[in-house]
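**Student:** Predicted coordinates and the sequence they were generated for:
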Number of protein chains: 2
Amino acid sequence: MAEKTVKKNVGRSWKQDPEAVKADILRAARAEIAEHGLSGARVQVIAERIKTSKRMIFYYFGDKEGLYRAVLEAEYASVRKAESELDLDGLEPMAALRKLVEFTFDHHRANPEFIRLVMIENIHNARHLRELQNLATTNSVAIKQLERICEAGKAAGVFRADVSPLVLHWQISAMSFFNVANQMTFATNFGDALFSEAGQAQLREETVGSILSSVRN
Amino acid sequence: MAEKTVKKNVGRSWKQDPEAVKADILRAARAEIAEHGLSGARVQVIAERIKTSKRMIFYYFGDKEGLYRAVLEAEYASVRKAESELDLDGLEPMAALRKLVEFTFDHHRANPEFIRLVMIENIHNARHLRELQNLATTNSVAIKQLERICEAGKAAGVFRADVSPLVLHWQISAMSFFNVANQMTFATNFGDALFSEAGQAQLREETVGSILSSVRN
DNA sequence: GACTAAATTAACCGCACGGTTCATTTTGGG
DNA sequence: CCCAAAATGAACCGTGCGGTTAATTTAGTC
């Protein structure tokens, strides 16, 4: 039959670029999951955000949870990289601690999607994070830096002798994280004064102040 | 036809008790939503947790979001009630502040479901909380208490003159909230030492310490 | 240029979900 | 005791979800 040779697509209709597709999917998934949570995120919507199909997501990442794990892993890697680039050499202990607190406060604020992913992961009791074992060894960069600061501070006599780097990290993280994570409910309940530029500058300084004053000898 | 009058249920099969049913639904919904998030929670599962049907949930609460709003409202009311029962009269400013911090730390820790609901609400950008307008006026009990403490502390000269009750509340909430909300990811990343009984006692005291030292004149 | 494996598209599927319909039972007031 | 209204049960429904099947296109290899 003459109609047999119907060609739907004579010219090249698409190019292969698996790495770019994978990276696109990861970015879109990060945004979608951070916005709606794991169960709230729709695979269809992730596909629609970029120029690909739902099929490709399952092709590359297996299932929704595999995709989520990949997003989580990439995001933690990116944060660790930023942390490791913070240079505190040559600073006095108090100045180093101040810089570390300011960095953490600013970095959390600049990465709300990461914060939301961590919130979501906590809702899931860190079940997926625990499955990412290759991160465990390297994600204590911040602690290592604090340990060095604390040692120097104690040696110089400016820090209390019983300051704990781990507790310090917990306190710094708590305020830096809460500032982003709970912004909406806090503002709803108590007003948004603390979340203007001036308010944020104040919180940043008060955070530094409470950390520094709590280690001071 | 003679078979027309088939009676499936001759005897009394159930009792009416709408208030108890509503209360049961609220409790079950709180647990289910706190565990799985709003989109992750299944109405069917909420019904199965107690002795009722999906039908009753929609009958009393309209839809899933209405149920969630009711849960949120009840939970906030319960927390406000606990806060208002905290008695700080007759305490020196520092002692009063210490007691308030300890209370907040302990209360958050004792109410993980409330913490999770707030986390979930933050994921949703506080959209539902904003629709609960009748709470806005009364949920600043904690702030009022802090204002009184700060005034007394400044008058007595033991507090810095520029201490802000709102910032103080933010700091206290940050650490008390983070301690519960981020426990799982923090423990996964940095070990669970801080979440043993001894670790929690240490964190509680360090939280008090950093707050007190940051207001001290 | 034929062959093959990887990459991509289009169409489809079972199913569980939120929500509804219809009928029945219970309660309480007159 | 009767009857309207509230409360409940059972079965159902359309939709959108995560995930799959099968066919088509690309790109490197000989």
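**Tutor:** Nice, thanks for sending it over.

**Student:** most centrally placed residue in chain A?
**Tutor:** residue A:114 (2.8 Å; Cα atoms, centre = their mean).

**Student:** Toward the C-terminus, what is the element adjacent to the helix or strand encompassing that one?
**Tutor:** Using DSSP states H and E, residue A:114 maps to helix A:112-123. Next along the chain after helix A:112-123, taking DSSP H and E as the criterion, comes helix A:127-130.

**Student:** hmm, that next one in reach of chain B?
**Tutor:** Yes. Helix A:127-130 lies within reach of chain B by Cβ under 8 Å from any Cβ of the partner chain, at A:129, A:130. Using the backbone N, CA and C atoms, a C-beta is placed for each residue, glycine as well.

**Student:** Skip ahead from that helix and say which helix or strand is next.
**Tutor:** By DSSP H and E, the next helix or strand past helix A:127-130 is helix A:141-155.

**Student:** Against which helices or strands is that following helix packed?
**Tutor:** Helix A:141-155 sits against helix A:64-84, helix A:93-110, helix A:165-181, with contacts defined as 3 or more Cβ pairs under 8 Å, 6 or more residues apart in numbering or on different chains; DSSP states H and E.

**Student:** Please identify which of the ones you listed is closest to chain B.
**Tutor:** For the helices and strands packed on helix A:141-155, proximity to chain B was assessed by Cβ to the nearest Cβ; helix A:165-181 is nearest, at 3.6 Å.

**Student:** Pop the domain breakdown of chain A in here.
**Tutor:** A:17-62, A:75-215 (automatic domain parsing).

**Student:** mean confidence score for the longest one?
**Tutor:** Mean per-residue pLDDT for domain A:75-215: 94.

**Student:** Can you measure across that domain, start residue to end residue?
**Tutor:** 31 Å (Cα to Cα, to the nearest Å).

**Student:** Then stretch A:54-74?
**Tutor:** With Cα to Cα, one end of stretch A:54-74 sits 21 Å from the other.

**Student:** That stretch close to DNA strand C?
**Tutor:** Yes. Against DNA strand C, stretch A:54-74 shows contacts by Cβ under 7 Å from any atom of the strand at A:54, A:55, A:56, A:59.

**Student:** quick one: which helix or strand includes the last one?
**Tutor:** Right, residue A:59. helix A:54-61.

**Student:** just how off-centre is that helix within its chain?
**Tutor:** Relative to the centre of its chain, helix A:54-61 is centred 24 Å away, using Cα atoms, centre = their mean, to the nearest Å.

**Student:** Next up, the contacts around residue A:57.
**Tutor:** Residues in contact with residue A:57 (Cβ atoms under 8 Å, 6 or more residues apart in numbering or on different chains) are A:25, A:29, A:43, A:46, A:47, A:67.

**Student:** May I ask you to confirm that the fifth one is in contact with residue A:59?
**Tutor:** Yep, that's residue A:47 we're talking about. No. In this structure, residue A:47 is not within contact of residue A:59 by Cβ atoms under 8 Å, at 11.3 Å.

**Student:** ok, these two, which is more surrounded?
**Tutor:** residue A:47 (20 against 14; other Cβ atoms under 10 Å in any protein chain shown).

**Student:** Spit out the contact partners of that one.
**Tutor:** With the criterion set at Cβ under 8 Å, 6+ apart, residue A:47 makes contact with A:28, A:53, A:54, A:56, A:57.

**Student:** Just give me the neighbour total for the third one.
**Tutor:** Neighbours of residue A:54 under the rule other Cβ under 10 Å: 14.

**Student:** Next: residue A:192.
**Tutor:** 12.

**Student:** before we move on, which element is the closest residue to it other than its chain neighbours in?
**Tutor:** Nearest residue to residue A:192, sequence neighbours excluded (Cβ to Cβ, 6 or more residues apart in numbering or on different chains): residue A:199, at 7.8 Å. According to DSSP H and E, residue A:199 maps onto helix A:197-215.

**Student:** what's that helix packed up against?
**Tutor:** Helix A:197-215 packs on helix A:93-110, helix A:165-181, helix B:165-181, helix B:197-215, going by 3+ Cβ pairs under 8 Å, 6+ apart.

**Student:** Give the buried residues for the longest one.
**Tutor:** Of the residues in helix B:197-215, those buried under the neighbour-count criterion (16 or more other Cβ atoms under 10 Å in any protein chain shown) are B:199-200, B:202-204, B:206-215.

**Student:** can you list contacts of it?
**Tutor:** Surrounding helix B:197-215, the residues in contact under the criterion Cβ under 8 Å, 6+ apart are A:164, A:167, A:170-171, A:206, A:209-211, A:213-214, A:216, B:94, B:97-98, B:101-102, B:105-106, B:109, B:150, B:153, B:159-160, B:163, B:168, B:171-172, B:175-176, B:179, B:192-194.

**Student:** gap between that helix and the chain center?
**Tutor:** In terms of Cα atoms, centre = their mean, the gap separating the centre of helix B:197-215 from the centre of its chain is 21 Å.

**Student:** Ok, the third one next?
**Tutor:** Centre-to-centre, helix B:165-181 and its host chain are 13 Å apart (Cα atoms, centre = their mean).

**Student:** isn't residue A:91 right next to residue A:99, touching?
**Tutor:** Yes. Between residue A:91 and residue A:99 there is a contact at 6.4 Å, judged by Cβ under 8 Å.

**Student:** could you flag which of the contacts of helix B:197-215 are buried?
**Tutor:** Here, 16+ other Cβ under 10 Å leaves A:164, A:167, A:170-171, A:206, A:209-211, A:213-214, B:94, B:97-98, B:101-102, B:105, B:109, B:150, B:153, B:159, B:163, B:168, B:171-172, B:175-176, B:179, B:194 buried among the contacts of helix B:197-215.

**Student:** hang on, the earlier thing: out of the helices and strands packed on helix A:141-155, indicate the one that is most buried.
**Tutor:** Ranked by mean neighbour count under mean count of other Cβ atoms under 10 Å in any protein chain shown, the helices and strands packed on helix A:141-155 are led by helix A:165-181, which reaches a mean of 23.

**Student:** which helices and strands does that one pack with?
**Tutor:** Under the contact definition 3+ Cβ pairs under 8 Å, 6+ apart, helix A:165-181 sits against helix A:93-110, helix A:112-123, helix A:141-155, helix A:197-215, helix B:165-181, helix B:183-190, helix B:197-215.

**Student:** rerun at 7 Å
**Tutor:** Helix A:165-181 sits against helix A:93-110, helix A:112-123, helix A:141-155, helix A:197-215, helix B:165-181, helix B:197-215, with contacts defined as 3 or more Cβ pairs under 7 Å, 6 or more residues apart in numbering or on different chains; DSSP states H and E.
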